[in-house]
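K.L.:
Just to be clear, the model below is a prediction. Sequence and coordinates:
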Amino acid sequence: GNGIEGYSKSLAALYDYPLHTCLVTLRQKIAKISGTSRIFPPQSAPNQYAVVRTLEASLNYGFEPNERIEIVNEGTNPLNEMIGYTPLQILAAAALDLLHKVQVTKCNEDHPDIKAATSIIASSAEMLVTKGGRLSIDQPCKERFSEDKKLPIKSPMKSPAKQKSKKVKSQDDLILRYIKPSEVNIEKNKEIMKILDANESLAKCEAKWQEKRVVKGTGQSDFLQGKGLSIKIENCKLAGGSDDKNCAICWKKFGSLMNRKHICRASRRYVCESCSSKSVLLDVDGRRVTDGQFNLAKCHADRKEEQDRLNYEIKKKERKSRIQAAWTKSHRRKNPLQETQKDESSAKDELFGNVGRAMKNFFMEEVDVEDPQDANVNDRVSGVMSSLNETGEAFRERGEKLNSLAEKTDKLKNASEDFAKMARELKESQQKGFFW
């Protein structure tokens, strides 16, 4: 069947291979490098170039980093010149184009466009390898293996003779320089590796890819299935279609012992071990998926983690604001006794401050204060003086009573001493007896 519920044709084929298109465009721009004008506008960093940003966005949306191109429509689409190539192999071809520019056309290595292209190729290689692109992969082939018949390819890679015979309409339709498939063996070609690994970071990128083999699924339970699919996967001869004889991504033939056949639980295609070494975890069950689907799941998980972190920071700030507001409110609303003392202190300052001024004017014979409340202050002073006089009288009366009490105490003390003397004399007489 040609497409079962929309899952047999690959995502890349459905959108005309955006990863490959991006890198083919890079090859076309390298072919236009000359000493007259700039092809690559200056950027502050390599990852700011449109090529690198497009690669990153496409990989994060689930496009496969190792998928080979099949026929793309009809006509003169430059992608048809790269049938059977993976994205990294097209990037290797771009590196060969750059070397050709420097060695054959005598372009200076210090040319801004040469430097920019070198930086773009190296950054693109890092991006692809970090997302699962494989440097060690079979060289490009023109067709996929099929027991029934070979898949139709209407536009095979052109030889140099055929390229010369074709008329180029414009610079945008520039046909790509012919490169033999054997030339893009990345691991064996040191010149290619020198450009791809210009930053000496591809080994770290491979290690980073191998670090995480499982990612938690977020929002994918609707299309991720476990063992025992509910639908049958039939072979599809569409571009990027699934075939039970070879991997739908890298076209590697399945074997009974080596390179066993697997099913991607997201795209529902037959894939090899190398193209589906990762899993997406739903509940406690891991679901095998392709590298592209793993990148998509990881991107969703990273976004959710970042959103959760932002939400946590927002809640943390809100909680801190609430605590601060409660603390401020509690300190404004102090102990009622403290508030009363504060009010009394203010009243005392007001009262005795005015009293002080009035007393100063009274004793120092100064001019009366001009405060409108001075009359009230004088009345208060008079009342205070009266109270002081009354208190003095009371103290005098108490003093007299205390003096009287002291006299009585002295008399009682004398009487006690007389009684004690009589008691001693009586005791002595008893000890002597009635008769001497």
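P.N.:
Here it is on my side, so go on. Numbers count the residues shown, from 1 in each chain.

K.L.:
Only C-alpha atoms from now on, for both contacts and neighbour counts.
P.N.:
Noted.

K.L.:
what secondary structure does the residue positioned nearest the centre of the chain sit in?
P.N.:
Against the mean C-alpha coordinate of the chain, by C-alpha atoms, centre = their mean, the closest residue is E306 at 3.9 Å. The local conformation at E306, judged by DSSP: H, G, I helix; E, B strand; the rest coil, is helix.

K.L.:
Next, find the distance separating it from L202.
P.N.:
27 Å (C-alpha to C-alpha, to the nearest Å).

K.L.:
can you give me the end-to-end distance of stretch 67-77?
P.N.:
Start-to-end span of stretch 67-77 (C-alpha to C-alpha) is 18 Å.

K.L.:
Same check on stretch 28-41?
P.N.:
Length of stretch 28-41, first residue to last, C-alpha to C-alpha: 15 Å.

K.L.:
Centre of the chain to that stretch, how far?
P.N.:
Centroid separation for stretch 28-41 versus its chain: 38 Å, with C-alpha atoms, centre = their mean, to the nearest Å.

K.L.:
what do you get for stretch 313-321?
P.N.:
With C-alpha atoms, centre = their mean as the basis, stretch 313-321 stands 17 Å off its chain's centre.

K.L.:
For it, list every residue counted as buried.
P.N.:
For stretch 313-321, the buried set under the neighbour-count rule, 16 or more other C-alpha atoms under 10 Å, is empty.

K.L.:
Kindly format the C-alpha coordinates of it as PDB.
P.N.:
What follows is stretch 313-321, C-alpha atoms only, in PDB (Å, rounded to 0.1, in the frame of the first residue of the first chain):
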ATOM      1  CA  GLU A 313      10.700  30.900  39.400                       C
ATOM      2  CA  ILE A 314       7.500  32.800  38.900                       C
ATOM      3  CA  LYS A 315       5.800  31.000  41.900                       C
ATOM      4  CA  LYS A 316       8.900  31.500  44.000                       C
ATOM      5  CA  LYS A 317       8.900  35.200  43.300                       C
ATOM      6  CA  GLU A 318       5.100  35.400  44.100                       C
ATOM      7  CA  ARG A 319       5.600  33.500  47.300                       C
ATOM      8  CA  LYS A 320       8.500  35.800  48.300                       C
ATOM      9  CA  SER A 321       6.300  38.800  47.600                       C
END
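
K.L.:
For C299, see how far away the residue nearest to the centre of the chain is.
P.N.:
Taking C-alpha to C-alpha as the measure, E306 falls 11 Å from C299.

K.L.:
ranges for the helices of the stretch 251-400 of the chain?
P.N.:
Here the stretch 251-400 of the chain has its helices, by DSSP state H, counting those that start in this stretch, at 291-332, 336-364, 374-432.

K.L.:
Those: lowest mean pLDDT?
P.N.:
The minimum mean pLDDT among these belongs to helix 336-364 (a mean of 56).

K.L.:
L91 reaches I120, doesn't it?
P.N.:
No: L91 lies out of contact with I120 (C-alpha atoms under 8 Å); the separation is 10.0 Å.

K.L.:
More neighbours: which of those two?
P.N.:
For L91 versus I120, the count of surrounding residues by other C-alpha atoms under 10 Å is larger for L91: 28 against 25.

K.L.:
so who does the more buried one touch?
P.N.:
Residues near L91 by C-alpha atoms under 8 Å, 6 or more residues apart in numbering: L23, I121, S124, A125.

K.L.:
What is the burial count for the first one?
P.N.:
Which is L23. Residues near L23, counting by other C-alpha under 10 Å: 26.

K.L.:
Distance of it relative to I323?
P.N.:
Computed as C-alpha to C-alpha, the L23 to I323 distance reads 55 Å.

K.L.:
Check the last one too.
P.N.:
Using C-alpha to C-alpha, one obtains 51 Å as the distance from A125 to I323.

K.L.:
What are the boundaries of the strands in the stretch 101-250 of the chain?
P.N.:
Taking DSSP state E, counting those that start in this stretch to define them, one finds strands in the stretch 101-250 of the chain at 214-216.

K.L.:
Where does pLDDT dip in it?
P.N.:
145-175, 219-232 (pLDDT under 70).

K.L.:
where along it do the helices fall?
P.N.:
Secondary structure of the stretch 101-250 of the chain by DSSP H, counting those that start in this stretch: the helices cover 112-130, 160-165, 190-196, 202-211.

K.L.:
Now those in TSV, please, with extra columns for distance to H262.
P.N.:
Formatted as TSV, the helices of the stretch 101-250 of the chain follow (distance: least, C-alpha to C-alpha, whole Å):
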stretch	distance to H262
helix 112-130	22
helix 160-165	39
helix 190-196	31
helix 202-211	19
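
K.L.:
Can you say which of those helices is packed in most?
P.N.:
helix 112-130 (a mean of 23; mean count of other C-alpha atoms under 10 Å).

K.L.:
could you give the angle of that one to helix 202-211?
P.N.:
30 degrees (axes from the mean of the first three to the mean of the last three C-alpha atoms, to 10 degrees).

K.L.:
ok, and what's touching helix 112-130?
P.N.:
30, 33, 38-40, 42, 46-47, 49, 51-52, 55-56, 65, 87-88, 91, 94-95, 98, 108-109, 135, 195-199, 201-202, 205-206, 208-209.

K.L.:
Narrow these to those that are buried.
P.N.:
Neighbour counting with 16+ other C-alpha under 10 Å marks 30, 33, 39-40, 46-47, 49, 51-52, 55-56, 65, 87-88, 91, 94-95, 98, 135, 195-198, 202, 205-206 as buried within the contacts of helix 112-130.

K.L.:
Distance of A394 relative to K401?
P.N.:
According to C-alpha to C-alpha, A394 stands 11 Å off from K401.

K.L.:
ok, now Y85?
P.N.:
From Y85 across to K401, the span is 124 Å (C-alpha to C-alpha).
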